[in-house]
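Student: structure here, sequence nowhere to be found:
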């Protein structure tokens, strides 16, 4: 597929054009933000994310979101809506995201903001890792 490669390349191009880009693996980001909530550094981390021109979230949907993670994702997406850009990479088809996010009202709010004004790229084919190992 090459999704991580593609979104990294888009992020790299944005950097070359002078934009501030942050790239995160979703599970690692959400885990670190939970720790940040516990140690009091959460506002600083959210501000750092808000200030980026482009936020890249890779490997979205590998596990269902708990209540705290849902609210963090909503906050991040809400803060960026109509102001800053985001790229979300996922192996999961978009029509399954609602179930992964969970809690219908929050899922509706997140997905509505993501769908509005978005561009979607569906990659097809064998994993690039599999191809490179042959």
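Tutor: Arrived safely, thanks for sending. What you are looking at is a predicted structure, and each value in this text was computed from that prediction instead of being measured. Numbering: from 1, shown residues only.
Student: now residue 82. Its backbone dihedrals?
Tutor: For residue 82, the backbone dihedrals (degrees, to the nearest 10) come out as phi 60, psi 10.
Student: how far away is residue 62 from residue 17?
Tutor: Using C-beta to C-beta, to the nearest Å, one gets 30 Å for the distance from residue 62 to residue 17. From N, CA and C alone the C-beta is placed, and that goes for glycine too.
Student: check the secondary structure at the residue nearest the centre of the chain for me.
Tutor: In the chain, the residue lying closest to the centroid (C-alpha atoms, centre = their mean) is residue 57, at 2.8 Å. At residue 57 the chain is in strand, as set by DSSP: H, G, I helix; E, B strand; the rest coil.
Student: pretty sure it sits against residue 26.
Tutor: Yes - at 5.2 Å, residue 57 and residue 26 qualify as touching, with contact defined as C-beta atoms under 8 Å.
Student: now do the strands in the chain.
Tutor: Assigned by DSSP state E, the chain shows strands spanning 21-25, 54-58, 85-88.
Student: packing partners for the first one?
Tutor: By that I understand strand 21-25. Other helices and strands packing on strand 21-25, by 3 or more C-beta pairs under 8 Å, 6 or more residues apart in numbering; DSSP states H and E, are helix 3-16, strand 54-58.
Student: most tightly packed of those?
Tutor: Among the helices and strands packed on strand 21-25, strand 54-58 has the highest mean neighbour count (mean count of other C-beta atoms under 10 Å), at a mean of 22.
Student: next, the angle strand 21-25 makes with that strand.
Tutor: Strand 54-58 and strand 21-25 meet at an angle of 10 degrees, taking axes from the mean of the first three to the mean of the last three C-alpha atoms, to 10 degrees as the criterion.
Student: cheers, nothing more for now.
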